[in-house]
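Asker: Quick one: sequence and predicted model below, then my questions.
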Amino acid sequence: MVAVAARAPRVTGRPVALGVLGLAVFALALEVGPRAGLVPIRYAPPTSQILVTLGEQVGRSAFWVALLDTLRTWAEGLLIAVVAGIVVGVLLGSVPFLRAATATTVEFLRPIPSVALIPLVIVLYGPTIRSTLVLVVYAAFWQVLIQVMHGVADVDPVARDTARSYGLGAWARIRYVVWPTALPYVVTGVRLATSVALILTITGQLVIGSPGLGKEIDNAQQSDAVRVVYALILVTGLLGVLANLATRFVERRVLAWHPAIRREEVTPA
Amino acid sequence: MTLVRRGVLLLALPVLLFAAWWVASAGSTDFYWPSLSSILAAFGRTWTWDRVQADVLPSLGRLLAGYLLAVVVGVALGAVIGSVRWVRALVEPLLEFLRAIPPPVLVPIVILLSGIGDRTKILVIVSGCVWPVLLNTVEGVRGRDEVLSDTCRTYGITGPLRLRHLVLRAASPQIVTGARQALPIAIILMVISEMMAANEGLGFTVVQFQRGFQIPEMWSGVLLLGLVGILLSLLFRAAERGLLGWYHGQRAGRREW
């Protein structure tokens, strides 16, 4: 029965309605649970109160300043990580000697948790955006680098040799052979890096106290403003959703020519 | 000969970098950048067996407990959500939202709801790690081979047998991917839950050193956190090789065709 269901053509209207229903049930559970006394209402405010508090927050300029700080840290960190990841990745990926020589170093540096750097950046830079940026760049860089290196290594040997036989220069080979092969990997790397960068942006603000939503959440918790904590968490979740939608959209646009995406477009029909 | 060359290639850069750090920091008088030799001396002095028992092992225990619990919960829920179409449609947008919440912001909430004990830290780790496992399991269960599905049905394989040999087997490469994505999240959450609310543990100790301006000790803690990360990723890779040997073999075989 399950297999039949999986193969049946997609109905577009119903799943969306069901999804909305799922969200509504979740919101309702969080509304009723605290009111019925299943969880202490002091620590788990009902949905309606969270939404009201969110409305109040949106009216405060401090909220927008914090949101902008968060967006700025996130975007700057991501940009630095992506550019550095692509440049270093293409370099290491296309020169076999460099790849072999750096393999162990990459394998050792990559799993070092970026949060290990927190005490270090606190003593070096204090509670500034720069501290958080270091964490964000460190965490996001490896995501891009690894994907780019895989992508560059994936180049079809026949295409590479053909390009060489036709006398394409190094730049032209990168532009017309390496880049199109690596692009799907690059996009995947950017997608992973985007969510990792958001996590580390918020973490840095929360733990280091650099300006942004994370710091506001910490402040709200310290001053026992429980509803504000929940309202701001809702905002970070929405940021995450927007980021996922945006990267998926970009993925489709940039890779519209790619067989995997084209296949995906065709099957639901 | 080639083996020697390969060994040299693999080890040259790490050794060079280490030597460069040693030389560049030797005799350093900068308070915040102590010499590597003093950091290593602090490492031996700080992380004694007593310290390891009191701070490192409890942290690792919570990490493993939270991580394994997240994998079990993620796979169980993922298998259900991936198999039943209406459940999937019902919860998909909700999951999209829940997994998009940066896990560290859950630390304040979990502290509110359950204090600052072990349970809180384990809950924090579970609440962050479960999403990658869950979503990848859903994708894996959904994308199983239809011929195998039909074969199972024809032979009347149902229930636990079907779950074990078809559903989970087919999803296992994806489950492992999810578990791999969850591992760094688990480490992040272990460290920051201890930085924000604890009176013992690895993250707490390192922050204490930082607050007390015991800089070489703090550096040694950063090194230890790095080593924990490296060690866990090596363990994960060994486990993956054991679990997914059949899959990598199959893939390699196909590529040779």
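Answerer: Received, thanks. In this text the structure is predicted, and so the values were computed from the model without any measurement.
Asker: Residue nearest the middle of the chain, spatially speaking?
Answerer: I'll assume chain A. When Cα atoms, centre = their mean is applied to chain A, the residue found nearest the centroid is residue A:195 (1.4 Å).
Asker: think we crossed wires, I meant chain B
Answerer: residue B:183 (1.3 Å).
Asker: Surely that one touches residue B:67?
Answerer: Yes - using Cβ atoms under 8 Å, residue B:183 is in contact with residue B:67, at 7.1 Å. In this view, the C-beta of every residue, glycine as well, is placed from N, C-alpha and C.
Asker: Now look at the helix or strand containing residue B:62 and say if it contacts chain A.
Answerer: Assigned by DSSP states H and E, residue B:62 belongs to helix B:57-83. Yes - taking Cβ under 8 Å from any Cβ of the partner chain as the criterion, helix B:57-83 and chain A are in contact, through residue B:83.
Asker: Which strands or helices does the helix or strand just after that helix pack on?
Answerer: For helix B:57-83, the following helix or strand on the C-terminal side (DSSP H and E) is helix B:85-100. In this structure, helix B:85-100 makes packing contacts with helix A:2-7, helix A:13-35, helix A:226-254, helix B:57-83, helix B:118-142, judged by 3 or more Cβ pairs under 8 Å, 6 or more residues apart in numbering or on different chains; DSSP states H and E.
Asker: Which stretch among these is buried most, on average?
Answerer: helix B:118-142 (a mean of 24; mean count of other Cβ atoms under 10 Å in any protein chain shown).
Asker: okay, the angle between that one and helix B:85-100?
Answerer: Per axes from the mean of the first three to the mean of the last three Cα atoms, to 10 degrees, the angle that helix B:118-142 makes with helix B:85-100 is 130 degrees.
Asker: What average pLDDT does helix B:118-142 get?
Answerer: The average of the pLDDT scores along helix B:118-142 is 90.
Asker: anything in that helix near chain A?
Answerer: Yes - using Cβ under 8 Å from any Cβ, helix B:118-142 reaches chain A at residue B:142.
Asker: now for that helix, which elements pack on it?
Answerer: Using 3+ Cβ pairs under 8 Å, 6+ apart: helix B:118-142 touches helix B:57-83, helix B:85-100, helix B:106-114, helix B:169-196.
Asker: Nearest residue to residue B:98 in space, please, no chain neighbours.
Answerer: residue B:131 (6.6 Å; Cβ to Cβ, 6 or more residues apart in numbering or on different chains).
Asker: From what I see, that neighbour and residue B:97 are in contact.
Answerer: No - with contact defined as Cβ under 8 Å, residue B:131 does not reach residue B:97; the gap is 10.5 Å.
Asker: Low-confidence stretches in chain B?
Answerer: For chain B, the stretches flagged by pLDDT under 70 are B:1, B:251-257.
Asker: how close does the residue of it found nearest chain A sit to residue A:243?
Answerer: As assessed by Cβ to the nearest Cβ, chain A sits closest to residue B:100 within chain B, at 2.8 Å. Using Cβ to Cβ, to the nearest Å, we find residue B:100 at a distance of 7 Å from residue A:243.
Asker: any residues in contact with both of those two?
Answerer: Common contacts of residue B:100 and residue A:243 (Cβ atoms under 8 Å, 6 or more residues apart in numbering or on different chains): residue A:195.
Asker: sorry, back to before: show me what the helix holding residue B:62 is packed up against.
Answerer: Using 3+ Cβ pairs under 8 Å, 6+ apart, helix B:57-83 sits against helix B:85-100, helix B:118-142, helix B:169-196, helix B:202-211.
Asker: Flag every residue of the stretch 51-200 of chain A that's near chain B.
Answerer: A:97, A:100-105, A:108, A:110-120, A:122-124, A:195, A:198-199.
Asker: Report the contact partners of residue A:119.
Answerer: Applying Cβ under 8 Å, 6+ apart, the residues near residue A:119 are B:206, B:207, B:209, B:210, B:218, B:221, B:222.
Asker: thought the second one was touching residue B:195?
Answerer: What it means is residue B:207. Yes - using Cβ under 8 Å, residue B:207 is in contact with residue B:195, at 5.0 Å.
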